[in-house]
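Asks: Dropping the sequence and predicted coords here.
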Amino acid sequence: MATPEFPGAEKFVPESATLDGLRAAARDCKGCHLFENATQTVFSAGSATARVVLVGEQPGDQEDRRGEPFVGPAGALLDRALDDAGIDRKQAYVTNAVKHFKFSQAGAGKRRIHQKPDQREIVACRPWLTAELELLDPEVIVALGATAGQSLMGRDFRVTRSRGVLLEWPQRKDEPAARAGRFFLATIHPSAVLRADDRETAYAGLVDDLLVAAQVLA
């Protein structure tokens, strides 16, 4: 829920901006409290002509320090999974549902521990993702994990119920006909593979899901 102190990202999103314009404007976003502790906004990577959009949860520790999405261990695993699924990484646009790193600190070294964004933070940041998708015309949008799925499809969406299933992207009445025919697919976040007891099986499942998206791009 927006508050006078943290009004949500909408007031920070410029009208009629390019992707570069959105990236620049997002650096100054104070739509929710997460900007206070994060090193910087982490926006996206990829071009407006990308055929597939991959939406993750939020930047991690390395992404927060470097200012780029999916550059840590989960990003390396995602790159490998895309390659194994036959999806050209250069044809992909990667972003996150939440643009600032949410974490807690504990221990003598003050290690930064990832915390899952809550619904208020997801909603506050959603205008950035909405603006991105309005500029892009991908053939398929892939949600990586529950946070991305709920940001894109609503808080009742469950990855466990729809994982690996190719769905039609809901088209707004005012959306140009050229943007009809897009698809949506949900899968697990690459970090879930890294946390899994059986990484080999979890990784194979991620690749299988991405293969469904690859069929759209073939």
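Replies: That came in fine, so what should we check first?
Asks: Extract the CA atoms of stretch 115-131 and return them as CSV.
Replies: Output of stretch 115-131 as CSV, limited to C-alpha atoms (Å, rounded to 0.1, in the frame of the first residue of the first chain):
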residue,chain,number,x,y,z
GLN,A,115,14.8,-11.5,2.0
LYS,A,116,11.7,-12.1,-0.1
PRO,A,117,9.8,-9.0,-1.2
ASP,A,118,6.4,-8.6,0.4
GLN,A,119,3.2,-7.8,-1.5
ARG,A,120,3.4,-4.1,-0.7
GLU,A,121,6.9,-3.9,-2.2
ILE,A,122,5.8,-5.8,-5.3
VAL,A,123,2.9,-3.5,-5.9
ALA,A,124,5.0,-0.4,-5.2
CYS,A,125,7.5,-1.4,-7.9
ARG,A,126,5.0,-2.8,-10.5
PRO,A,127,4.8,0.5,-12.5
TRP,A,128,8.4,0.0,-13.7
LEU,A,129,7.6,-3.5,-15.0
THR,A,130,4.4,-2.3,-16.6
ALA,A,131,6.3,0.5,-18.3
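Asks: List the buried residues of it.
Replies: P117, E121, I122, V123, A124, C125, R126, P127, W128, L129, A131 (16 or more other C-beta atoms under 10 Å). To be clear about C-beta, it is placed using only N, CA and C from the backbone, and glycine gets the same treatment.
Asks: List just the nearest of those to G145.
Replies: Checking the buried residues of stretch 115-131 against G145 by C-beta to C-beta gives P117 as the nearest, at 10.8 Å.
Asks: Tally up the residues packed near the spatially closest residue to the closest one that is not a sequence neighbour, please.
Replies: The shortest distance from P117 to any non-neighbouring residue, by C-beta to C-beta, 6 or more residues apart in numbering, is to V98 (4.6 Å). Other residues within reach of V98 by the criterion other C-beta atoms under 10 Å amount to 27.
Asks: Can you classify V98 by secondary structure?
Replies: Recorded secondary structure, V98: coil (DSSP: H, G, I helix; E, B strand; the rest coil).
Asks: residue contacts, it?
Replies: L34, E57, Q58, P117, E121, I122, C125, T147, S151 (C-beta atoms under 8 Å, 6 or more residues apart in numbering).
Asks: Next: G8.
Replies: A2, G31, C32, V123, A124, P127.
Asks: Can you add pLDDT and distance to L206 and give those back as JSON lines?
Replies: Shown next, in JSON lines, are those (pLDDT from 0 to 100; distance: C-beta to C-beta, whole Å):
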{"residue": "A2", "pLDDT": "51", "distance to L206": "35"}
{"residue": "G31", "pLDDT": "95", "distance to L206": "31"}
{"residue": "C32", "pLDDT": "95", "distance to L206": "29"}
{"residue": "V123", "pLDDT": "95", "distance to L206": "27"}
{"residue": "A124", "pLDDT": "96", "distance to L206": "28"}
{"residue": "P127", "pLDDT": "96", "distance to L206": "29"}
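Asks: quick one: the helices in the protein?
Replies: For the chain, the helices defined by DSSP state H cover 19-26, 61-66, 73-85, 119-135, 146-153, 159-162, 190-195, 199-217.
Asks: Number of residues surrounding the residue lying closest to G72 once chain neighbours are set aside?
Replies: Leaving aside its sequence neighbours, G72 sits nearest to Q62 (C-beta to C-beta, 6+ apart; 3.7 Å). Residues lying near Q62 (other C-beta under 10 Å) number 16.
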